[in-house]
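Student: sequence and predicted structure below; questions after.
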Amino acid sequence: MLNLQIKPIVILLAAIFLIANSSAQEAWETPRTAYGAPDLQGIWSSASITTLERDPALGNTLSVGAEEARRIEASAAFNVLSEDDNAPSDPNRSPPTDGDTDAGYNAFWIDPGTRMAQIGNEYRTSFIVDPANGQIPYTQASGMAFMEYGRTVGYDGPEQRPLGERCMVGFGSSGGPPMLPVLYNNHYQIVQSEDYVMVLAEMNHDARIIRLGSTHKGKDFNPWLGDSIGHWEGDTLVVETTNFHPQQSFRFAIKHVLYLPQSAKVTERFSRTGPKSILYEFTVEDSEAYTQPWSAQIPFRIATGSMYEYACHEGNYALPGILAGARFEEREAAD
């Protein structure tokens with residue numbers, strides 16, 4: 001008899017909770033600044049184990065169910081690190097026997113995210129949503145550009161090393177546009193005024209200034225991160241960036257490889273989707289580099305805590321060592 005009395009109460013409480021939760025979601029409205037624009041300000045994180053391009057084995061499968069998402073997350077490389085991976089680095093360790101002298105930081109510093117990107121009720125297998133196969137639709141000309149870049153990267157001077165290594169901009173396309181998550185430091189700070197929006201990617205102090213209601217400055221103006229102008233379409237901030245810096249065409253990171261020529265155009269859309277979320281969307285266009293425009297979606301979540309300085313080799317002391325190593329190898333070869 002007791003169970004018969006409790007069960008209706010449980011059902012009633014559950015119904016009240018669902019109604020209250022639904023009403024709270026319906027009551028949420030896009031926050032606004034003092035001058036009436038949608039408020040995107042705050043510190044946001046794009047960290048996710050989802051990657052820009054999809055595993056080819058998944059074909060056109062853009063999303064998976066919650067159970068499959070948990071399985072993929074549990075088996076993700078950075079979610080199954082051992083205690084040794086997190087142990088302090090040992091400066092007195094014996095050199096590797098295979099001749100590989102690469103020794104990066106331990107896993108304490110790595111923060112690529114632990115969950116797949118979730119948009120609505122979908123767990124995404126790639127950020128790219130178009131084309132359907134989740135791949136960047138490169139042309140043959142892009143392939144040739146990659147080959148040429150490979151021939152020019154060397155150790156004769158600092159100008160031949162990648163930009164992230166030189167502490168010029170962040171690794172990969174972290175500062176964007178498009179803004180893509182990397183191995184760690186995936187926070188963005190957005191600050192607004194009536195005429196400007198600033199997006200800061202602390203790796204590597206990349207502050208992009210978006211001019212609202214403006215026009216591009218011309219093809220001779222090629223700043224790092226390109227020339228960004230923006231406008232509001234309803235509650236969505238739309239940003240168009242062109243005139244990219246000629247040295248920023250190749251963006252390499254562990255989680256993505258991107259060729260974005262100086263002539264490309266990137267159109268971004270920032271939309272608040274909840275009190276703790278932004279949907280970041282972008283489309284990349286360039287008729288020489290891609291067979292078609294391609295588009296992606298990345299969820300941003302409100303970050304907890306503060307944004308900390310990215311020191312980048314504590315003043316880039318590593319670069320003299322990199323070049324000195326190359327000179328040492330040259331002397332050994334000559335001897």
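Tutor: Cool, the structure landed.

Student: this structure: helices as residue ranges?
Tutor: 2-27, 66-75, 83-86, 140-152, 312-316, 318-334 (DSSP state H).

Student: and the contacts of stretch 152-171?
Tutor: 172, 175, 182-183, 185, 201, 203-204, 206, 224-225, 247-248, 250, 252-253, 310, 312-313, 316, 318-319, 322-323, 325-326 (CB atoms under 8 Å, 6 or more residues apart in numbering). Just so you know, the C-beta spots here come from the backbone N, C-alpha and C atoms, and that holds for glycine as well.

Student: list the buried ones in that stretch?
Tutor: Under the neighbour-count criterion of 16 or more other CB atoms under 10 Å, stretch 152-171 has 161-171 buried.

Student: so where is the stretch 101-250 of the chain shaky, pLDDT-wise?
Tutor: 101-105 (pLDDT under 70).

Student: let's go with 80 and repeat that
Tutor: When residues are selected by pLDDT under 80, those of the stretch 101-250 of the chain lie in 101-109.

Student: how about the contacts made by the residue lying closest to Pro131 once chain neighbours are set aside?
Tutor: Nearest residue to Pro131 in three dimensions, chain neighbours excluded: Pro137, at 5.7 Å (CB to CB, 6 or more residues apart in numbering). With contacts defined as CB under 8 Å, 6+ apart, Pro137 is in contact with 131, 290-292, 294.

Student: again, but for Tyr149
Tutor: Counted by CB under 8 Å, 6+ apart, Tyr149 has contacts 249-250.

Student: measure it to Glu68 for me?
Tutor: 37 Å (CB to CB, to the nearest Å).

Student: from Gly154, how far out is the residue nearest to Asn316 when sequence neighbours are not counted?
Tutor: The shortest distance from Asn316 to any non-neighbouring residue, by CB to CB, 6+ apart, is to Cys167 (4.6 Å). Going from Cys167 to Gly154 by CB to CB gives 19 Å.

Student: Pro56 now?
Tutor: Taking CB to CB, one finds Pro56 at 31 Å from Gly154.

Student: equivalent analysis for Gln297, please.
Tutor: With distances taken as CB to CB, Gln297 is found 37 Å from Gly154.

Student: per-residue pLDDT of Pro91, please?
Tutor: Pro91 is assigned a predicted lDDT (pLDDT) of 67.
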